[in-house]
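In: Give me the fold of what follows.
(chains A and B)
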Amino acid sequence: MADLKPTQFLWADLFQRRKRKQDPVIEVLRENVLFEALTANELQYLSKRVYVRNYERGEAVFTEGERGFGMFSIARGKVAIKTQGAESDVLMTTLEKGSFFGEMTLIQPDAVRSASAIAVDPTVLVGFFKPDLMDIVARKPALGVKILFQLSRILSERLLATTERVTHDHPKSA
Amino acid sequence: MIIRNRPDPRLKKDLLKLAFLFAALAAIPVVVAITPGLFLPSLLAVVLALLFSPLVVWFERRDFSRGAGIAIVFGSIAVVLGGAALWLGQTVALTWHSAYEGAPAFFAASLSRLTALEQGFKGQYPLLQSVDVVGTLTRWAQGTERWFITHGAALASDLVLGLVMTPVLALVLLQSGPSIQRYFFSLVPNRLFESSYIVSTRVIGAFSDYVRAKLLEATLVGVLCYVGFLIVHAPYPGPLALIAGVTNILPYVGPLIGAAACVLATALDPANAAYFWPVMIVYGVANIVDTFVIFPVVVAQLVNLHPLLVVVAVMVGQEYYGLVGMLVSVPLVTAAKIVIHEIHDALYRGGMRTIS
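Out: All right, here's what the predicted structure looks like:
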C-alpha cells in the first residue's frame, strides 16, 4: 500500500496542487462497512479526521481493562484479539486488512476495552475516535447521522447473530 | 520457580519519541520568549480562534467549506471593525481639539478637588496626616507620562504588529489548527496516544468553554451597566459600560478597576459629581447580579473549581505574570485538574465493562 501520510499543513493545503492519485486512507475507509454509505466527498472529509498509526510486530494497540475512545481499521497487517484467561491469554480471533475493531467505544461512555489487541505483523491502523465523531455530528450532521446509523445497524446485526447462536446452543426444552 | 521480567523492547524508543515531542512542544514558548512582541498577539489569536470557532461551525453545518466559513466570519468582522474604526476616527477628530484644549483645565480641577477632599479627611482624621494620596497620584502620573514618552515608539510598533499579527495568527489557527494538532499527535508513542488524545480534547474544550463563558459574562455585565447608566442619565454611558464589561474579565480585581473608572469620570469632574452615587449604585447592582446570577450560571459550572482554589490561582497568576497571569490562571488550573483526574481514573478506576 502507498505511504499513508496523515498530516497536511496549511501550505500543503493551500499552495500545493492536489494530486490526482487516490488517497490510501480513503481506500481504507471505503472498505470499512461502517462507512459504506458515505459519498466520495464525505470520505474525503472523514479522511482528514482519522489518525494513521504504525505498530511493530508484537506491539499492543490497546490492553484489556484500559479506557477506550475509538475504533481502528486495519489498513495493513494483522491484529490478534486476546482476552486474559485463568492461566494465560486466550486468542479470540485474528483480524486482517479490511477488518475493524473497538467500535463500541464510539458510543459507550467511560468504555473499557474488553480484550487486548496486539499487532501480529508490522501493522498500519486507521483510528477514528469519539471526539472526532462528535465534531462531525456538530459540523456535518448528515454525515454524522450516516455513521451512527451504520454503527447501529452493525451492532444490531451482531446482537441478532449472538441471540440466534445462544438460542441454537440452548434450545428451549419441550 | 524463577520469574524473569522481560524488558519492554519498545520502551527506549517510546521514551525517545516522548523526548522529541516535548522538544517540539517546547519550541513554541521558546519562540514566544525570544520574540516578546509575539506573546500578546499569540494569546489574543488563541482567544479569537476559540471565539470564532462556533461561527465557523455554524457555516459548516450549512454546507459551507471550512475555508469559506472562516473567510465569511473574518470578512464580516473586518467590515464591522472597519466601520467602527471610521466612526471612532471621525468622532475623535471632531472632539480632539476640544478635549486637547479642555484636558489641562479638567486635570487641574480634578487635582484641586482631590486635594480639597484629602485636606478635609486629614482635618477630620489626624491619623491620615502621613497619607499623601495627591502626591502619590501626581508622581505616578508624571512617571507614566515619562514612560509613554520614552516607550511611545516601541509601544506604537507593538500595537501595529499586534493589529496585523493577531488576525493572521487567528486565521492560521482556525484553518490549520486541526492539522497542527494532528502533527503533534503523530509524535506521541502508541501506548500513550489514546489517553493523551482524550485529555487534550477535554483541555481544549475546557479552555474554549471558559473563554466564551467569560466573554459572555463580560458582555452581559456591560449591557446591564449600559442600561443602568442610561436610566440614571449618567455621563459617558457607552465608554463606562465598555470599561465595566472589559474589566469584569479579570477575576476579583476587575470590578474594582471598573469602579475606579466610574469614580474618575464622576467624582473628580465637578460637572458630573451629581451622578457619582447613581453610577456607583448601577455598578454595584450589576456586580451583584454578576456574582449571584451570571457567574454561577454561565462560568462556575464550566470551571468546576473550589472558590478557594480560584482565589489562590488568581493570586499566584498575578504574582508571577501580572495581568495576563490573572487571566490565564483559572483555565490553566482547570486544565491541570482534567489531567490529574484522567491520570487518577487510569490508575485507580476500571470504568464500565463493555463488549467491543
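In: The host helix or strand of residue A:41: how far from the chain's middle?
Out: Per DSSP states H and E, residue A:41 falls inside helix A:40-47. Its chain's C-alpha centre and that of helix A:40-47 lie 16 Å apart, by C-alpha atoms, centre = their mean, to the nearest Å.
In: Looking at chain A, which helix is longest?
Out: helix A:141-169 (DSSP state H).
In: Which strands or helices does the helix holding residue A:41 pack on?
Out: helix A:24-31, helix A:141-169 (3 or more C-beta pairs under 8 Å, 6 or more residues apart in numbering or on different chains; DSSP states H and E). Bear in mind the C-beta positions are built from the backbone N, C-alpha and C, glycine included.
In: Contacts for it next, please.
Out: The contact list for helix A:40-47, computed with C-beta atoms under 8 Å, 6 or more residues apart in numbering or on different chains, reads A:23, A:25, A:26, A:29, A:30, A:35, A:38, A:128, A:136, A:140, A:143, A:146.
In: How about the contacts made by the residue of the stretch 1-150 of chain B at minimum distance from chain A?
Out: Nearest to chain A in the stretch 1-150 of chain B, going by C-beta to the nearest C-beta, is residue B:60, at a distance of 4.3 Å. Contacts for residue B:60 (C-beta under 8 Å, 6+ apart) come out as A:139, A:140, B:66, B:69.
In: State the distance from it to residue B:112.
Out: 60 Å (C-beta to C-beta, to the nearest Å).
In: On the three-state scheme, residue A:87 is what?
Out: The local conformation at residue A:87, judged by DSSP: H, G, I helix; E, B strand; the rest coil, is coil.
In: for it, phi and psi?
Out: The phi and psi torsions at residue A:87 (degrees, to the nearest 10) take the values phi -110, psi -30.
In: Mind jotting down where the helices sit in chain B?
Out: According to DSSP H, the helices that chain B contains are B:11-34, B:39-61, B:66-124, B:133-186, B:190-231, B:237-247, B:254-266, B:276-289, B:301-303, B:307-348.
In: now for the last one, which elements pack on it?
Out: It stands for helix B:307-348. helix B:39-61, helix B:190-231, helix B:301-303.
In: and if you look at the longest one?
Out: Contact here means 3+ C-beta pairs under 8 Å, 6+ apart; on that basis helix B:66-124 packs against helix B:39-61, helix B:133-186.
In: Looking at those, which one is packed in the most?
Out: Compared across those, helix B:39-61 shows the largest average neighbour count, a mean of 18 (mean count of other C-beta atoms under 10 Å in any protein chain shown).
In: nearest to chain B, of the helices and strands packed on helix A:40-47?
Out: helix A:141-169 (6.4 Å).
In: Check which residues of the closest one are buried.
Out: A:143, A:144, A:146, A:147, A:148, A:150, A:151 (16 or more other C-beta atoms under 10 Å in any protein chain shown).
In: Confirm for me that the last one is in contact with residue A:33.
Out: No. Counting by C-beta atoms under 8 Å, residue A:151 sits too far from residue A:33 to count as a contact (10.1 Å).
In: for the spatially closest residue to residue B:328 that is not a sequence neighbour, what are its contacts?
Out: The shortest distance from residue B:328 to any non-neighbouring residue, by C-beta to C-beta, 6 or more residues apart in numbering or on different chains, is to residue B:317 (6.6 Å). By C-beta under 8 Å, 6+ apart, residue B:317 lies in contact with B:324, B:325, B:326, B:327, B:328, B:329, B:330, B:332.
In: May I see the ChimeraX selection of the buried members of those?
Out: Burial among the contacts of residue B:317 is assessed by 16+ other C-beta under 10 Å; the matching ChimeraX selection reads:
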select /B:325,326,327,328,329,330,332
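In: what two of the contacts of residue B:317 are the furthest from one another?
Out: B:324 and B:330 (12.5 Å; C-beta to C-beta).
In: check contacts around the residue lying closest to residue B:161 once chain neighbours are set aside.
Out: Sequence neighbours aside, residue B:37 is the residue nearest to residue B:161 in space, at 5.5 Å (criterion: C-beta to C-beta, 6+ apart). Applying C-beta under 8 Å, 6+ apart to residue B:37 gives the contacts B:158, B:161, B:162.
In: same check, this time on residue B:255
Out: B:244, B:247, B:248, B:283, B:287, B:290.
In: so which of these is the most crowded?
Out: Within the contacts of residue B:255, residue B:244 tops the neighbour count with 31 neighbours, counted by other C-beta atoms under 10 Å in any protein chain shown.
In: residues contacting it?
Out: Contacts of residue B:244 by C-beta under 8 Å, 6+ apart are B:221, B:222, B:225, B:255, B:258, B:261, B:262, B:283, B:286.
In: and the fifth one, how many neighbours does it have?
Out: Residues lying near residue B:258 (other C-beta under 10 Å) number 26.
In: can you pull the buried residues of stretch B:199-211?
Out: Under 16+ other C-beta under 10 Å, the buried positions of stretch B:199-211 are B:199, B:200, B:201, B:202, B:203, B:206, B:207, B:208, B:209, B:210, B:211.
In: Please list which of the residues you listed also come close to chain A.
Out: Of the residues in these, proximity to chain A by C-beta under 8 Å from any C-beta of the partner chain holds for residue B:201.
In: Among the buried residues of stretch B:199-211, which one sits closest to chain A?
Out: So of the buried residues of stretch B:199-211, ranked by how close each gets to chain A (C-beta to the nearest C-beta), first place is residue B:201, at 4.3 Å.
In: Am I right that the closest one is in contact with residue A:131?
Out: Yes. Using C-beta under 8 Å, residue B:201 makes contact with residue A:131 at a distance of 4.3 Å.
In: rewinding a little: tell me which two of the contacts of residue B:60 sit farthest apart.
Out: So, these by C-beta to C-beta: farthest apart are A:140 and B:69, at 12.1 Å.
In: So which residue is dead centre in chain A?
Out: residue A:72 (3.0 Å; C-alpha atoms, centre = their mean).
In: on that earlier part again, Throw the contacts of residue B:244 into CSV and include distance to residue A:102 and pLDDT, thanks.
Out: Formatted as CSV, the contacts of residue B:244 follow (distance: C-beta to C-beta, whole Å; pLDDT from 0 to 100):
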residue, distance to residue A:102, pLDDT
B:221, 46, 89
B:222, 48, 90
B:225, 52, 90
B:255, 50, 79
B:258, 52, 80
B:261, 56, 75
B:262, 58, 75
B:283, 55, 86
B:286, 51, 88
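In: quick revisit: mean pLDDT added to the helices and strands packed on helix B:66-124, as JSON lines?
Out: JSON lines is the format used below for the helices and strands packed on helix B:66-124 (pLDDT from 0 to 100):
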{"stretch": "helix B:39-61", "mean pLDDT": "87"}
{"stretch": "helix B:133-186", "mean pLDDT": "84"}
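In: I'd like those helices laid out as TSV, including distance to residue A:58.
Out: As requested, these are exported to TSV (distance: least, C-beta to C-beta, whole Å):
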stretch	distance to residue A:58
helix B:39-61	41
helix B:133-186	21
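In: To residue A:102, which of these lies closest?
Out: That would be helix B:133-186 among the helices and strands packed on helix B:66-124, by C-beta to C-beta, at 17.5 Å.
In: hang on, isn't residue A:78 packed against residue A:118?
Out: No. Using C-beta under 8 Å, residue A:78 makes no contact with residue A:118, being 9.7 Å away.
In: The two: who's more crowded?
Out: residue A:118 (22 against 17).
In: Buried residues of the helix or strand harbouring that one, list them for me.
Out: In the assignment (DSSP H and E), residue A:118 maps to strand A:116-119. For strand A:116-119, the neighbour count (16+ other C-beta under 10 Å) marks A:116, A:117, A:118, A:119 as buried.
In: Of these, which ones also sit close to chain B?
Out: Among the buried residues of strand A:116-119, no residue lies close to chain B (C-beta under 8 Å from any C-beta).
In: just the residues you listed now: which is nearest residue B:266?
Out: Closest approach between these and residue B:266, by C-beta to C-beta: residue A:117, at 69.2 Å.
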